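Student: turn this into a model:
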Amino acid sequence: MSDSDLIKQFIDSGDEVAFEMLVSRHRRFIRRIIFGVFGGWPDEAEETEQEVLIALAGGVKNFSHAAEFTTYLYRLTRNKGIDHLRSLAKRRKHLVYAVPEIPGPWSPEQGSMEAEDRHFLYKVLNRMKEEERSLILLKEIEGYSLKDVAELMGIPEGTVKSRLHRARNTMIKTGRRMLGKDGEGNEMQRMEKDTKRA
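Tutor: As a prediction, the model looks like this:
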């Protein structure tokens, strides 16, 4: 059943099972976007996720089927995350981060990432700017094409390509600093190869 079918079923009859299926299908995507905004997974990220689901249940009837549902969901989730982050910033300066339990490979051909590498990658991303994190998460981890990332973020494809190149370089430099050596290890070597190909 397509996203559009599930949305129609939920709107027409209030079918909660259809809504749960829709959420289950996109939960990892939602969490990656929230991670991109927060730069980690603080306790408050759970609250943001709940706010997104509430807003989705109440606002999905306004979804235009002319657009991709993931585009709508990306913007809804990112906006909620930024709103929540601004609210937190007024109350306190620091967030306590944890490495999120968000399954998924670094790339389709690589398969599953070792837990240690995944932990290190999230620590690197945590030190990057929000837009750079989002680009890496969408393109490299979620596997979206440049065209899809451009549509999701609402920026030209050429801009995505140039910003992604800078984000990859930032990720490599940050990883090297954190390792305290010249980027030895599987993940750093792979990051460098990808950057040279881009």
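
Student: can you name every helix or strand that the helix or strand encompassing residue 11 contacts?
Tutor: Taking DSSP states H and E as the definition, residue 11 sits inside helix 3-13. Contacts of helix 3-13 with other secondary structure elements, assessed using 3 or more Cβ pairs under 8 Å, 6 or more residues apart in numbering; DSSP states H and E, are made with helix 16-38, helix 69-91. The way it works is simple: take the backbone N, C-alpha and C, and place the C-beta from them, glycine included.

Student: list every C-alpha atom in it, with coordinates, as PDB.
Tutor: The C-alpha coordinates for helix 3-13 follow below in PDB (Å, rounded to 0.1, in the frame of the first residue of the first chain):
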ATOM      1  CA  ASP A   3       1.900   6.400   1.200                       C
ATOM      2  CA  SER A   4      -1.000   8.100  -0.600                       C
ATOM      3  CA  ASP A   5      -3.300   5.100   0.000                       C
ATOM      4  CA  LEU A   6      -2.500   5.100   3.700                       C
ATOM      5  CA  ILE A   7      -3.000   8.900   4.000                       C
ATOM      6  CA  LYS A   8      -6.300   8.600   2.200                       C
ATOM      7  CA  GLN A   9      -7.500   5.800   4.400                       C
ATOM      8  CA  PHE A  10      -6.500   7.700   7.600                       C
ATOM      9  CA  ILE A  11      -8.200  10.900   6.400                       C
ATOM     10  CA  ASP A  12     -11.400   9.200   5.100                       C
ATOM     11  CA  SER A  13     -12.000   6.900   8.000                       C
END
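
Student: domains for the chain, by residue range?
Tutor: 3-91, 115-197 (automatic domain parsing).

Student: where does pLDDT dip in the protein?
Tutor: Scanning the chain for pLDDT under 70 picks out 40-42, 65-67, 88-115, 181-198.

Student: please redo it, this time with the cut-off set to 50
Tutor: Low-confidence segments of the chain, defined by pLDDT under 50, are located at 93-113, 182-184, 198.

Student: what separates the helix holding residue 11 from the chain centre, distance-wise?
Tutor: Here helix 3-13 shows a centroid-to-chain-centroid distance of 25 Å under the convention Cα atoms, centre = their mean, to the nearest Å.

Student: wait, isn't residue 70 in contact with residue 142?
Tutor: No - taking Cβ atoms under 8 Å as the contact criterion, residue 70 and residue 142 are not neighbours in contact, 9.6 Å apart.

Student: redo the helices and strands packed on helix 3-13 as TSV? Include mean neighbour count and distance to residue 2.
Tutor: Supplementary listing: these in TSV, determined by neighbours: other Cβ atoms under 10 Å; distance: least, Cβ to Cβ, whole Å:
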stretch	mean neighbour count	distance to residue 2
helix 16-38	19	10
helix 69-91	17	9
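
Student: save those helices as JSON lines, and put in distance to residue 167 too.
Tutor: What follows is these, written out as JSON lines (distance: least, Cβ to Cβ, whole Å):
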{"stretch": "helix 16-38", "distance to residue 167": "11"}
{"stretch": "helix 69-91", "distance to residue 167": "16"}
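
Student: to residue 130, which of those lies closest?
Tutor: helix 16-38 (5.9 Å; Cβ to Cβ).

Student: fine, thanks again, bye for now.
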